[in-house]
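*Asks:* please work out how this folds:
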Amino acid sequence: MATPQNDSSAQRVANYRKRMRARGMRPIQLWVADVRTPGFSAEAHSQSVAVAVSEHAFDDQAFIDELGLDEA
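*Replies:* Residues are numbered from 1 along each chain as shown. Okay, the predicted model is just below:
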């Protein structure tokens, strides 16, 4: 379905959302950490070290490894 050039962007977005809802979809908003911020890398490293030295590290890694196995 072509959209006329004189439609505002707000109207195009509203039309798109209406079509998606008609298809059974719903919008969500998701906030995630901004990996571009100066402190992100240091914080990610700090948290990964904390997990690695945890008394549960072996069990945690085994769990993650099981999630990654997808033998089809």
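*Asks:* tell me where this protein has strands.
*Replies:* Remark: no strands are assigned in the chain by DSSP state E.
*Asks:* residue 23 and residue 17, how far apart?
*Replies:* To residue 17, residue 23 is 11 Å away according to Cβ to Cβ, to the nearest Å. For glycine as for every other residue, the C-beta is placed from the backbone atoms N, C-alpha and C.
*Asks:* hmm, I was thinking of residue 30
*Replies:* From residue 30 to residue 17 the distance is 16 Å (Cβ to Cβ).
*Asks:* these two: which is more packed in?
*Replies:* Higher neighbour count among residue 30 and residue 17: residue 17, with 13 against 4, using other Cβ atoms under 10 Å.
*Asks:* from what I can see that one touches residue 27, true?
*Replies:* Yes. Residue 17 is within contact range of residue 27, at 6.5 Å (criterion: Cβ atoms under 8 Å).
*Asks:* and residue 47, how many neighbours does it have?
*Replies:* 10.
*Asks:* what do you get for residue 15?
*Replies:* 13.
*Asks:* kindly state the pLDDT recorded for it?
*Replies:* pLDDT, residue 15: 96.
*Asks:* that one and residue 54, how far apart?
*Replies:* The separation that residue 15 has from residue 54, given Cβ to Cβ, amounts to 50 Å.
*Asks:* just residue 38 next, same as before
*Replies:* For residue 38, the distance to residue 54 - Cβ to Cβ - is 27 Å.
*Asks:* what about these two, which has more around it?
*Replies:* Ranked by neighbour count (other Cβ under 10 Å), residue 38 and residue 54 place residue 54 first, with 11 against 6.
*Asks:* list the contacts for that one?
*Replies:* Residue 54 sits next to residue 60 when contact means Cβ atoms under 8 Å, 6 or more residues apart in numbering.
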